[in-house]
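Enquirer: Here you go, sequence then predicted model.
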Amino acid sequence: MQRVVEVHDSASGGWGSGYLLSARVVLTAAHCVRSGEGARVEVRPVETDGSFESATVAWWRYDPDRSDGEDFSLIVLDASDSFGAGDAVVSFGEVVGRCEWRAVGFPRAQVRRRAGNRAETEAASGCVDPGTGQRFGVLDLQIESGAPKETVDGKPSWAGMSGAAVLAGNRVVAVISQQPGEFRGDRLRSLPIRRLLADPDARRVIFGDADAVADIEPVRLERHRLDLARDEIAHRVADFQLFG
């Protein structure tokens, strides 16, 4: 949860979710920050007193005319590691077989009017099969953790979840871009992270080098479980060292 953030673009009225890929670089959907590259925006982590940190849209790719069009953005925080995420870049993956996914964001369905219209987090999860959306290069996420009604105040209930990173195991595999209108709120559309990492300008923002080679591991159900088992072992070893 330390990497999950809320993104606001006051100039365009855009808002959504985001995820820290490193100490200062935030992944989100481009339509959440419609002001585009160079725009000044604000970012707020989950665990905060309500204050925002200033940031700049450093890279932005958006094609609103296609449901499978580009919808990625990278935001750079002004302050270095102000959210305590650490300098290391997260691990990336590509879904090559059916696997479980999870994402945490700030959907409209979780907006609390009695809390000054602030959105609460929603941890969504389910299964993804790369066979769906294969022709156009998208990942349609089946939601099994519970779906809200289709709309809230006439707007998609999942609005605000856009920009959330999709994780399979401990690897970022996609970013949520929209709620497909053809389904009853139990599906979210996401764009594979490999599409973003194919852009040298995006790699320059993330790694500091446009020629950097991103390590993208194939993810399937077996690999997903291996990652989770590895994380569990690491936690148990840490607990043993602490209390042993």
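Expert: Done, it's in.
Enquirer: all contacts plus neighbour counts: C-alpha atoms, from now on.
Expert: Noted.
Enquirer: For stretch 189-198, list every residue counted as buried.
Expert: 189, 190, 191, 192, 193, 194, 196, 197 (16 or more other Cα atoms under 10 Å).
Enquirer: And for stretch 51-60?
Expert: Counting neighbours by 16+ other Cα under 10 Å, one finds that the buried residues in stretch 51-60 are 52, 54, 55, 56, 57, 58, 59, 60.
Enquirer: Just the closest of those residues to residue 123, please.
Expert: residue 52 (21.7 Å; Cα to Cα).
Enquirer: Isn't that closest one up against residue 43?
Expert: Yes: checked against Cα atoms under 8 Å, the pair residue 52 and residue 43 is within contact range at 5.3 Å.
Enquirer: circling back to that earlier point, filter the buried residues of stretch 189-198 down to just the ones in strands.
Expert: Applying DSSP state E to those, the entries found in strands are 189, 190, 191, 192.
Enquirer: Closest to residue 132 out of these?
Expert: Proximity of those to residue 132, judged by Cα to Cα, is greatest for residue 189, which lies at 10.4 Å.
Enquirer: Can you tell me, leaving aside adjacent residues, what's nearest to the closest one?
Expert: Distances taken as Cα to Cα, 6 or more residues apart in numbering put residue 140 closest to residue 189, at 4.5 Å, once the chain neighbours are dropped.
Enquirer: Contact partners for that neighbour?
Expert: Residue 140 makes contacts with 128, 129, 130, 132, 133, 187, 188, 189, 190, as judged by Cα atoms under 8 Å, 6 or more residues apart in numbering.
Enquirer: By neighbours, which of those residues wins?
Expert: Note: the member of those with the most neighbours is residue 190, at 27 neighbours, neighbours being other Cα atoms under 10 Å.
Enquirer: which ones are touching that residue?
Expert: Residue 190 makes contact with 138, 139, 140, 141, 166, 174, 175, 176, 177, 178 under the criterion Cα under 8 Å, 6+ apart.
Enquirer: now the third one: how far from residue 15?
Expert: So that's residue 140. Distance of residue 140 to residue 15, computed by Cα to Cα, to the nearest Å: 22 Å.
Enquirer: Over to residue 51?
Expert: Using Cα to Cα, one obtains 15 Å as the distance from residue 51 to residue 15.
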